[in-house]
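Asks: Quick one: sequence plus predicted model below, questions after.
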Amino acid sequence: MRIAVGSDHAGYPLKPVLIEALDARGIDVLDLGTNDATTSVDYPDFGAAVARAVVDGRADLGVAICGTGIGISIAANKIPGARAAHVHDVSTARLAREHNHANVLCFGARITGTQVAIDALNAWLDAPLGQGRHLLRLAKIDELDTDSFTTGKG
């Protein structure tokens, strides 16, 4: 398994911690930057990069981190095929994977504690993909990627 990881400068302090947790599980990491907390960078660039890596098959899943997790999740969700979930704890991470088949996990480094983020990451990775009613709902979400109103082609 390969997981793409990216963050802006505000998310950077949490990024190496999560990479270390992935390494401990024997997961290959595709590090998409940024590489320091002092140089201001734009979270949409990193959210989109992580989502694109997942959608185009360079990674199986993605982890994106900014200060709050909000902006980077919005950016990641602009990439058709990405299902980015902004999570806060073990429960939201597990349910994001089980119910929503989230393929990008988003954290806010300024609002989520380090151990909580590690535990949430592990819960997300260990969660089974839900079936049944969840698949019907996911199909509706997938339709939104090609909806003529949202793509401006209708």
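Replies: Structure received.

Asks: ok, His86 touching Ala75?
Replies: No: under the criterion of CB atoms under 8 Å, His86 makes no contact with Ala75, lying 11.2 Å away. Where C-beta positions appear, they are placed from N, C-alpha and C, glycine not excepted.

Asks: does Ile65 sit in a helix, a strand or a coil?
Replies: Secondary structure, DSSP: H, G, I helix; E, B strand; the rest coil: Ile65 is strand.

Asks: Can you name the residues bridging to the residue lying closest to Asn77 once chain neighbours are set aside?
Replies: For Asn77, ignoring the flanking residues on the chain, the nearest one in space by CB to CB, 6 or more residues apart in numbering is Ala84 at 4.8 Å. Taking DSSP bridges as the rule, Ala84 bridges to Val104.

Asks: What segments of this protein are strands?
Replies: 2-7, 28-31, 61-66, 84-86, 104-108 (DSSP state E).

Asks: Let me know which of these is the nearest to Gln115.
Replies: Comparing the strands of the chain by their distance to Gln115 (CB to CB), the top pick is strand 104-108, with 12.5 Å.

Asks: Can you give the contact residues for that closest one?
Replies: For strand 104-108, the surrounding residues in contact (CB atoms under 8 Å, 6 or more residues apart in numbering) are 11, 14, 18, 47, 50-51, 54, 61-70, 72-73, 76, 82-88, 93, 96, 117, 120-121, 124.

Asks: what's the answer for stretch 125-145, then?
Replies: By CB under 8 Å, 6+ apart, the list of residues contacting stretch 125-145 from outside reads 25, 27, 61, 80-81, 83, 93-95, 97-101, 150.
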